[in-house]
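Q: Build me a model from this:
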Amino acid sequence: MLLLRSNLFARSLTVNPGALARTRCGAALFARSNSTEKSVYITTPIFYVNGHPHIGHLYSGLLADALARWHRLLGRPTRFVTRTDEHGQKNEREAKKVGLSPLAFCDANSAEFRRLFDRAAISYDDFIRTTEPRHAKAVEHFWRRLEQGGHIYMGQYEGWYSVPDETFLKEDEVKRTVDSNGVQQVVSLDSGHKVDWVVEENYKFRLSAFRQPLLDHLRQHPDFVVPSSRYNEVVSLLERDELADLSVSRIADKIKFALPVPSNPSHTIYVWLDALTNYLTTAGYPSPEFTKFWPADFQILGKDIVKFHAIYWPAFLLAAGIPLPKRLITHSHWTSEGVKMSKSLGNVVSPNGVIDAVGVDAVRYFLLSEGTLGFDNDFSNDRLIAKLKGELADTYGNLVTRCTAAALNPQGVVPRPAELNDDDRAVLDAPARLPAEVDEIYREANFPKAIATVFGAIHMANRYFTTNEPWKLKPKKAKAPSAAPRANSATSANDANPAITANAAPTSDAASERASVAAALDPAVVRNQQRLDTVLYVSLECVRVATLLLQPVMPNAACSILDRLGVPADRRTFADASVRLEPGAPLGAAPCK
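A: As a prediction, the model looks like this:
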């Protein structure tokens, strides 16, 4: 692991994402955007703060962050927001266990999420908590809009409720089982959490009226939910089942840590209606200016909350007459060494612990290159170490070190290539095609494929460098001819005769210089130097383009490598990928720090 912490992939310094646009390394990410264009609006899930952040939370944040960084590289105005969800019965109970008020409990846990995201260089533009006054204002306005439209009415709920999931469940969504003490209980089929039977008066939302509109929207927009497997699940659910009206309030005497129903404070607003409205809050709702950001372009979420985002959320928006988000990107869960993570098993992966071990950019790279959307992903220490050593250190880092080494390029400038042969052109063509290929994949949030595509070019450049053996092309230091022996100064008359001294054998330094000049004029030496310069130029150009495209994945390491290549901070955007290195331009300081 020491190798991973050294040289190009040293442990990344903590970056303050809020100030990233003002930093030298972050300048390219925010360059040349069109302020009149609608901003690309990207959101993370609303992280519930009943516990410490785990590796899955970090992965959600990194997906959104990498998408935001990519769109900034494209020069598009981008708003990226993350958040914590804090109201509800679950946090009331957890706070009581540790002797804190619900708000104090949420203060501590929300701060922990924020510290992790700051440490992981997640470049959010806004971090909001659902306990903030600006959010309460948005929820009140949204509730009144639904109520005035006739979409909310007073009714009664009698059925199952899961406090850990904060969700109402139908009979076919639960099962009866026996706990470890032999006590019979009823649990959620999805989460396995214990559920309670609830009978209470509450407000209901006319969800049943939106089954067909939701199906129509999904059929007209097959990319509304990705991946396609989740899209098919949502469509199948809507086609198979009638939608029951949804309870959207709880009795205030039972749930105190919640926002009150505006027209009836004896009820509190259901936590999911409260939380989902938060996506509008950070767009500026209820100000009319919120359309500068809304509808959201990408909403990142885990597979366990698809129902809330793909059915409840669009139904609320349709009822309120607000456009639906463009795309819901749903990801799978992470296991640990092939086993589901569980506090009871003690195998929950601590994101801070992994960052301590291998560094920020290494963790970002591993999660984004390994994390697929459609299938659960496994966090394995052996896989982590092998991937970082094999791809980052031995392949990428080694290539950067070799093609910028002073031993091959003592002048420390971008060399001027000679006439290119077919191999040179083939290797240069790869990074020339790469930006367009990667752009399409990044926009689909398929980061494993995008990263693999970039590393395909890096592997090609590495093979090219090794095959051409540039270390054999560098000029050998010329040897000076031996000087004639100098007579003893006490007995030689030549020492006193300037004319004779001028014709004596040359000094060692002068002879060496003449030998070097002679060697430089040797056609074989000239050809070797030209070939060396060409190999270095082609390799450097491949590294430059690949690194530009990896900025959303490894922002700190990419910044250091681009510094080492001498790429100016304002020439690191997507558009700059097509502008090749300028021969004679100085390389940056090495090694990177």
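
Q: tell me the contacts of the nearest residue to Y396 once chain neighbours are set aside?
A: Spatial nearest neighbour of Y396, chain neighbours left out: I458 (5.5 Å); criterion: Cβ to Cβ, 6 or more residues apart in numbering. In short, each C-beta sits where N, CA and C put it, glycine included. Residues near I458 by Cβ atoms under 8 Å, 6 or more residues apart in numbering: T395, Y396, L399, C542, V543, A546.

Q: pretty sure the second one contacts F455?
A: Meaning Y396. Yes. Contact criterion Cβ atoms under 8 Å: Y396 and F455 qualify, at 7.4 Å.

Q: Which of those two has more residues huddled nearby?
A: It is Y396, of Y396 and F455, that has more neighbours when counted by other Cβ atoms under 10 Å, with 27 against 18.

Q: Surely the more buried one is within a helix?
A: Yes. When DSSP: H, G, I helix; E, B strand; the rest coil is applied, Y396 is found to be in a helix.

Q: Could I get the pLDDT score of it?
A: pLDDT recorded at Y396 is 96.

Q: returning to that earlier point: just flag the most distant two among the contacts of I458.
A: The span of the contacts of I458, defined through Cβ to Cβ, is set by T395 and C542 at 12.2 Å.

Q: So the two - more neighbours on which side?
A: C542 (25 against 16).

Q: you'd agree that one is up against A430?
A: Yes. Counting by Cβ under 8 Å, C542 does reach A430; the two are 7.0 Å apart.

Q: Helices along the stretch 51-200 of the chain, start to end?
A: 55-73, 89-97, 102-119, 133-148 (DSSP state H, counting those that start in this stretch).

Q: Please identify which of the ones you listed is closest to P314.
A: Of all the helices of the stretch 51-200 of the chain, helix 133-148 sits nearest to P314, with 13.5 Å by Cβ to Cβ.

Q: Name the residues of stretch 203-213 that are buried.
A: For stretch 203-213, burial by neighbour count (16 or more other Cβ atoms under 10 Å) applies to Y203, K204, F205, R206, L207, F210, R211.

Q: SS state for the second one?
A: With three-state DSSP as the basis, the three-state label of K204 is strand.

Q: Who are the contact partners of it?
A: Here K204 is in contact with I152, Y153, M154, G155, Y157, D245, L246, S247, V248 (Cβ under 8 Å, 6+ apart).

Q: How much space separates the first one from S263?
A: I152 sits 10 Å away from S263, taking Cβ to Cβ, to the nearest Å as the criterion.

Q: what helix or strand is S266 on?
A: Using DSSP states H and E, the element containing S266 is strand 264-269.

Q: which helices and strands sit right next to that strand?
A: The helices and strands touching strand 264-269, judged by 3 or more Cβ pairs under 8 Å, 6 or more residues apart in numbering; DSSP states H and E, are strand 196-205, strand 249-251, strand 260-261.

Q: Neighbouring strands - and their directions - for it?
A: If you go by DSSP bridges, strand 264-269 pairs up with strand 249-251 (antiparallel), strand 260-261 (antiparallel).

Q: Longest helix in the chain, by number of residues?
A: For the chain, the helix with the greatest residue count under DSSP state H is helix 523-550.

Q: Run through the bridge partners of V186.
A: Listed by DSSP bridges, the beta-bridge partners for V186 are R176.

Q: quick one: low-confidence ranges for the stretch 251-400 of the chain?
A: Applying pLDDT under 70 to the stretch 251-400 of the chain flags residues 344.

Q: Mind doing that once more with 90?
A: Counting by pLDDT under 90, the stretch 251-400 of the chain has low-confidence residues at 254-255, 335-349.

Q: next one: the stretch 451-593 of the chain
A: Within the stretch 451-593 of the chain, the segments meeting pLDDT under 90 span 473-526, 588-593.

Q: all helices in it, in order from the N-terminus.
A: Assigned by DSSP H, counting those that start in this stretch, the helices in the stretch 451-593 of the chain fall at 498-502, 508-520, 523-550, 555-564.

Q: Buried ones in the third one, by neighbour count?
A: Which is helix 523-550. By neighbour count on 16+ other Cβ under 10 Å, the buried set for helix 523-550 is 525, 528-550.

Q: which residues touch whichever strand or helix holds L214?
A: Using DSSP H and E, the element containing L214 is helix 211-220. Around helix 211-220, the neighbours that count as contacts under Cβ under 8 Å, 6+ apart are 224-225, 231, 234-235, 238-239, 242-243, 311, 314-315, 318, 324.

Q: same deal with stretch 461-477?
A: Contacts to stretch 461-477, defined as Cβ under 8 Å, 6+ apart, come from residues 395, 398-399, 402-403, 407-408, 423, 427, 430, 516, 519-520, 525, 528-529, 531-532, 535-536, 538-539, 542-543, 546.
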